[in-house]
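Asks: the following block contains a protein sequence and its predicted model.
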Amino acid sequence: MSSTSASPQPHPAYRFSVAPMMDYTDRHFRVVMRQVSRHALLYTEMVVAQALHHGRQDTLLGFDPLEKPIALQLGGDDPALLAEAAELAERWGYDEINLNVGCPSPKVKKGRFGACLMAEPQQVARCVEAMGAACRLPVTVKHRIGIDERDSYDELLDFVDTVAAAGCQRFAVHARKAWLEGLDPKQNRTVPPLRYDLVHALKRDRPALIVELNGGLESLSACQEQLHAVDGVMVGRAAYAHPLQWNRVDQEIFGDSNATPIKASEVLQGVLPHAERWCSSGGRLWPIARHLVHLVEGVSGARYWRRQLSVEASDRSARPDVLERAMRQLQERGL
């Protein structure tokens, strides 16, 4: 990452964010995306409050300061455990906390949190209130437009109003409902129809609240279109699968006239110091390199470059010089 400091941010970070995604938005991918955008809000994978209570804080909460602004997403339904997690988040330097009320996985449902909590707005309100009392960080909620047969607009409004009364002023809304019975998590990302109109109505009817739209946003132009109706956009798998597709976010969405679109080789150059620190502390290179294979696409030789990087970086003895060689190959081609 360039040592040049980012120019003042003309819009809040939530105007464009990269959604929390299990097995994807770890600390290494966040470093990659921070090269692509200096301003976007980045989210952790969901951290279960109970696991944080019993587990290693450095493993679950550690991040590189260059990832900021960064939000910690928490999973849980116990106000006391979530309050403890919120206090830890502030201590570790996170910028905000987000409560997961959108994940439809059976494992999460079994733990009585995630999307199933949409059926219990009062419990979500108690959790939000407890977290807000435990720290000075903003507490936000990510949720669906509904679950199963509880998918009316009135029920969505009731959920949001109840949680807002407990202190939450920002809602990241996945514009699909979740079927907790009959669809797996992957199907829940694609099968239920997108209802952007409900998210737009929520913002229109509750103008004092900050509303972000998530779901189905696969291009910068689609995000710009939605920003006419909502306060922010949240992109998930499209950011992971095509990271350089978003290299004009700082210019186009944040209005940063000093930003220039980054190249794949420059992303690698920015990631190298992080890779050096990580490997010097005993970490393997592959957890970082696996997030880099999507940087090059749509050009001659891209498949060979990806395959070579994957083979070399997956070796247990691989060191950051693998990334340096990959970077030089891209530089030679002006990529």
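Replies: Looks like it came in fine. Residues are numbered from 1 along each chain as shown.

Asks: for stretch 198-218, buried residues please.
Replies: Residues of stretch 198-218 classed as buried by neighbour count (16 or more other CB atoms under 10 Å): 198-203, 209-217. In this view, the C-beta of every residue, glycine as well, is placed from N, C-alpha and C.

Asks: quick check: the farthest pair among those?
Replies: Across the buried residues of stretch 198-218, the longest distance by CB to CB is 21.7 Å; it joins 209 and 216.

Asks: helix or strand next in line after the worst-scoring helix or strand of the chain on mean pLDDT, which one?
Replies: In the chain, no helix or strand scores lower on mean pLDDT, DSSP states H and E than helix 106-110, which sits at a mean of 63. Counting by DSSP states H and E, the element after helix 106-110 in chain order, helix or strand, is helix 121-134.

Asks: could you list every helix and strand in contact with that next one?
Replies: helix 79-92, strand 96-101, strand 139-144, helix 153-165 (3 or more CB pairs under 8 Å, 6 or more residues apart in numbering; DSSP states H and E).

Asks: JSON lines please, covering those and showing mean pLDDT.
Replies: Output for the helices and strands packed on helix 121-134, formatted as JSON lines (pLDDT from 0 to 100):
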{"stretch": "helix 79-92", "mean pLDDT": "96"}
{"stretch": "strand 96-101", "mean pLDDT": "97"}
{"stretch": "strand 139-144", "mean pLDDT": "97"}
{"stretch": "helix 153-165", "mean pLDDT": "97"}
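
Asks: all the strands of the stretch 201-335 of the chain, in order from the start?
Replies: Along the stretch 201-335 of the chain, counting by DSSP state E, counting those that start in this stretch, strands occupy 210-214, 232-235.

Asks: shaky segments in the stretch 101-250 of the chain?
Replies: Along the stretch 101-250 of the chain, segments meeting pLDDT under 70 span 106-111.

Asks: hang on, the earlier thing: looking at the strands of the stretch 201-335 of the chain, spot the one closest to residue 134.
Replies: Among the strands of the stretch 201-335 of the chain, strand 210-214 comes nearest to residue 134, with 21.3 Å by CB to CB.

Asks: and the closest one, what does it pack against?
Replies: If you count contacts as 3+ CB pairs under 8 Å, 6+ apart, strand 210-214 packs onto strand 170-174, helix 196-205, strand 232-235.

Asks: now distance to residue 145 too, for the ones you listed, in a markdown table please.
Replies: As requested, the helices and strands packed on strand 210-214 are exported to a markdown table (distance: least, CB to CB, whole Å):
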| stretch | distance to residue 145 |
| --- | --- |
| strand 170-174 | 6 |
| helix 196-205 | 5 |
| strand 232-235 | 14 |
